[in-house]
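Visitor: Structure, please.
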Amino acid sequence: MTEQADPGWDASYTAGAPAPWDIGRPQPAFARLAEAGRLTERLLDVGCGTGENALLAASCGAEVTGIDVAPTAIARARAKASERGLAARFEVADALNLGSLRLTADTVIDSGVFHVFGDEDRVRYVASLAAVLRPAGACYLMCFSDRQPGTWGPRRVREEELRAAFSGGWAIESITAATFEINPLEGITQVQAWLAAIRRT
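Guide: Model prediction:
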């Protein structure tokens with residue numbers, strides 16, 4: 001597999017202060033999924049960052065692969081796995097070319113990746129997910145929501161946009177209001193999100 005690092009995203013992990021999303025623990029929404037027994041079997045964490053959600057899944061017995069375009073984040077995720085004695089594979093890879101991983105996943109998780117893409121790359125991303133997720137496999141995706149006030153941060157996503165993006169070859173089981181926890185940013189520690197449970201058909 002060819003590594004496709006992204007210097008822009010890598011700078012998020014080398015700039016000194018932690019990136020807003022790198023909170024040093026799993027996102028609560030994914031912790032609840034783990035408690036419900038949803039993060040199991042062969043699991044791919046797309047845009048895993050420094051690995052907290054992926055390592056949570058590994059601690060629950062999942063066979064985990066985490067990918068990110070930021071080499072610094074992947075190095076930290078590998079170090080955490082070693083320190084915690086958890087078996088998880090972490091690779092530098094492109095979310096738009098998941099087929100290059102040559103793996104099949106039963107479960108895919110996305111904590112904050114979908115909302116970074118423009119319209120054309122969104123189509124490519126959904127096709128990329130389909131290339132690795134087995135038929136009837138589950139995707140749990142959390143993205144920035146249009147319910148978040150203001151204009152700072154990533155692009156807001158409307159519920160209808162999620163439904164449209166996954167309209168062909170997918171079944172949306174639920175889209176629920178959720179929140180991302182973030183490192184304090186202008187006094188804000190939580191932002192509004194959508195959590196979608198989507199199954200490949």
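Visitor: looking only at pLDDT, what's the mean for stretch 119-132?
Guide: Averaging the model's pLDDT scores along stretch 119-132 yields 97.
Visitor: Export it to CSV, keeping only CA atoms.
Guide: Once side chains and other backbone atoms are set aside, the C-alpha atoms of stretch 119-132 remain, and they are given as CSV (Å, rounded to 0.1, in the frame of the first residue of the first chain):
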residue,chain,number,x,y,z
ASP,A,119,-19.5,17.7,-2.9
GLU,A,120,-17.4,15.8,-5.5
ASP,A,121,-15.1,14.2,-2.9
ARG,A,122,-18.1,13.2,-0.9
VAL,A,123,-19.2,11.0,-3.7
ARG,A,124,-15.7,9.5,-3.9
TYR,A,125,-15.7,9.0,-0.2
VAL,A,126,-18.9,7.1,-0.1
ALA,A,127,-17.7,4.9,-3.0
SER,A,128,-14.4,4.4,-1.1
LEU,A,129,-16.3,3.2,2.0
ALA,A,130,-18.3,0.8,-0.2
ALA,A,131,-15.0,-0.7,-1.5
VAL,A,132,-14.1,-2.0,2.0
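Visitor: tell me what the helix or strand harbouring residue 199 is packed against?
Guide: When elements are defined using DSSP states H and E, residue 199 is found to belong to strand 188-200. Applying 3 or more C-beta pairs under 8 Å, 6 or more residues apart in numbering; DSSP states H and E, we find strand 188-200 packed against strand 133-144, helix 159-165, strand 170-185. For the C-beta atoms, the positions are set from N, CA and C on the backbone; glycine is no exception.
Visitor: any idea which of these is most buried?
Guide: Highest mean neighbour count among those (mean count of other C-beta atoms under 10 Å): strand 133-144, with a mean of 20.
Visitor: so what secondary structure elements neighbour it?
Guide: In terms of contacts (3+ C-beta pairs under 8 Å, 6+ apart), strand 133-144 is packed against helix 28-35, strand 105-111, strand 170-185, strand 188-200.
Visitor: same thing but at 7 Å, please
Guide: Packed against strand 133-144, as judged by 3 or more C-beta pairs under 7 Å, 6 or more residues apart in numbering; DSSP states H and E, are the following elements: strand 105-111, strand 188-200.
Visitor: Give me the sheet partners of the longest one and which way each runs.
Guide: The one in question is strand 188-200. With DSSP bridges as the criterion, the sheet partners recorded for strand 188-200 are strand 133-144 (antiparallel), strand 170-185 (antiparallel).
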